[in-house]
Every structure is written in C-alpha cells, then in structure tokens.
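1. heads up, no residue letters with this:
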C-alpha cells in the first residue's frame, strides 16, 4: 500500500483571476488526489490535498508554478496525517 498523507497549502502571488483554482482541480484530479481549493479574501489560494505522498510532492511542485497566467511568490506547506474524508477534488466557493 502506498504511503498516504494530507497536505495543507496556501499559495501567494498573482493567483486569483488566473484560473488557479480550476487548474488546481484539474491537476489534482489527473493525479488521483482528493481535497479542495478556494480563494481567500486576502488574495491567496488555500488548498487541501490527500493521496500518495510522492504524488502530493509532485502536486506541490506544480503549485509552485501554477497555470501559465499565475505568478507564485510563496507556498506555505503543512503536512498532516492522512484522513481519507474526501471523495473527489473540488473548488470551494
């Protein structure tokens, strides 16, 4: 069985209004991850991902770049124990 984990991420930079959440959803689903992403009132994007730890590390690498129109300046990462309470990856409004 794969080593599973949960990771909480807060992404700063030009990350709102550039399809960051939708792109994050598409990238997470393509990798088989579950969780959610949402805009924060201060202009950052917050996301929770769950899945195989190696896949999560790959997703974090993507978050450090984002979609073509984004400009990421900082990514806060907090690793946690796997919970398994999400069924899919979605955008939260």
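-> Looks like it arrived, so ask away. Remember, predicted model here, so these are calculated numbers, not experimental data. Numbering: from 1, shown residues only.

2. and stretch 60-71, which residues are buried?
-> Buried residues in stretch 60-71, counted by 16 or more other CB atoms under 10 Å: 63, 66, 67, 70. Quick note: C-beta positions are derived from backbone N, CA and C, even for glycine.

3. what's the answer for stretch 29-45, then?
-> Neighbour-count burial for stretch 29-45 [16+ other CB under 10 Å]: 31, 33, 34, 35, 36, 37, 39, 44, 45.

4. was I right about the first one contacting residue 57?
-> This means residue 31. No. In this structure, residue 31 is not within contact of residue 57 by CB atoms under 8 Å, at 10.7 Å.

5. which single one of the buried residues of stretch 29-45 is nearest to residue 80?
-> Distance to residue 80 across these (CB to CB) is lowest for residue 35, with 11.4 Å.

6. okay, and the beta partners of the closest one?
-> Beta-bridge partners recorded for residue 35 (DSSP bridges): residue 49, residue 89.

7. so it touches residue 87, yeah?
-> No. With contact defined as CB under 8 Å, residue 35 does not count as touching residue 87 (10.2 Å).

8. coming back round to it: find the pair from the buried residues of stretch 60-71 with maximum spatial separation.
-> 63 and 67 (10.5 Å).

9. can you show me the helices along this structure?
-> 20-30, 53-63 (DSSP state H).

10. leaving out chain neighbours, which residue sits closest to residue 73?
-> Once flanking residues are discounted, residue 73 sits nearest to residue 13: 3.9 Å by CB to CB, 6 or more residues apart in numbering.

11. low-confidence bits of this structure, can you list those?
-> Counting by pLDDT under 70, the chain shows low-confidence ranges at 1-2.

12. neighbouring contacts of stretch 16-26?
-> Here stretch 16-26 makes contact (CB atoms under 8 Å, 6 or more residues apart in numbering) with 11, 37-39, 43-45, 47, 63, 66-67, 69-70, 89-91.

13. returning to what we had before: looking at the helices of the chain, which one is packed in the most?
-> helix 20-30 (a mean of 19; mean count of other CB atoms under 10 Å).

14. related to what we said a few turns ago, just the contacts of stretch 16-26 now: which is nearest residue 80?
-> For the contacts of stretch 16-26, the minimum distance to residue 80 (CB to CB) is 13.0 Å, reached by residue 47.

15. much appreciated, bye for now.
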